[in-house]
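Asker: Predicted structure and sequence below. I'll ask about it afterward.
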Amino acid sequence: MNKVKVVICGKEYCLQTEEEPTYVYALARKLEKNIAEIVGNNTNISVYSASVMIALSTLDMLNKCNEDMDNLRVQIKEYVDEAGKARLERDSALREIESLKKKISELEKNSKK
């Protein structure tokens with residue numbers, strides 16, 4: 001477990017995380033940049049309000065990404081099922097080909113007699 005101290009908008013936060021410190025520092029810089037952009041674009045918005053807006057936006061993105069992942073899982077399952085069916089059909093077709101080859105061979109032998 002890593003202990004990481006970050007400063008966001010002048011306030012220090014001590015975090016315990018499994019992530020690498022450089023990753024957490026990058027997140028903190030990005031968050032601070034996003035807060036600064038929102039506050040800079042509208043001086044009536046507090047850092048707290050900007051943080052809440054960013055949190056809601058981030059949760060929205062997370063939910064949409066999770067929905068996309070669920071859809072991809074369903075598609076992948078369908079592709080795997082289709083591939084399994086195609087494999088069974090191919091195996092059946094190969095067996096039929098072998099059977100027909102044997103019949104052809106027998107017919108050729110019989111026609112030579």
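Answerer: Nice, I can see it.
Asker: From the contact counts, what lies against the helix of greatest length in the chain?
Answerer: For the chain, the helix reaching the highest residue count under DSSP state H is reported as helix 47-112. Taking 3 or more Cβ pairs under 8 Å, 6 or more residues apart in numbering; DSSP states H and E as the contact definition, the neighbouring helices and strands of helix 47-112 are helix 21-41. Just so you know, the C-beta spots here come from the backbone N, C-alpha and C atoms, and that holds for glycine as well.
Asker: what residue ranges in the protein score low on pLDDT?
Answerer: Under the criterion pLDDT under 70, the flagged ranges of the chain are 113.
Asker: Centre-most residue in it?
Answerer: The centre of the chain sits closest to residue 69, judged by Cα atoms, centre = their mean, with a distance of 5.2 Å.
Asker: host element of the residue lying closest to residue 1 once chain neighbours are set aside?
Answerer: For residue 1, ignoring the flanking residues on the chain, the nearest one in space by Cβ to Cβ, 6 or more residues apart in numbering is residue 16 at 5.4 Å. Under the assignment given by DSSP states H and E, the secondary-structure element containing residue 16 is strand 11-17.
Asker: Only C-alpha atoms, please: export that strand in PDB.
Answerer: These are the backbone C-alpha positions of strand 11-17, laid out as PDB (Å, rounded to 0.1, in the frame of the first residue of the first chain):
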ATOM      1  CA  LYS A  11      -5.300  21.700   0.300                       C
ATOM      2  CA  GLU A  12      -3.200  18.700   1.100                       C
ATOM      3  CA  TYR A  13      -4.700  15.200   1.000                       C
ATOM      4  CA  CYS A  14      -3.000  12.100   2.300                       C
ATOM      5  CA  LEU A  15      -4.100   9.000   0.400                       C
ATOM      6  CA  GLN A  16      -3.400   5.300   0.800                       C
ATOM      7  CA  THR A  17      -3.600   3.500  -2.500                       C
END
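Asker: Tell me which strands that strand pairs with, and in which orientation.
Answerer: Strand pairing for strand 11-17, determined by DSSP bridges: strand 2-8 (antiparallel).
Asker: buried residues in the strand it pairs with?
Answerer: Within strand 2-8, the residues that qualify as buried by neighbour count (16 or more other Cβ atoms under 10 Å) are 4, 6.
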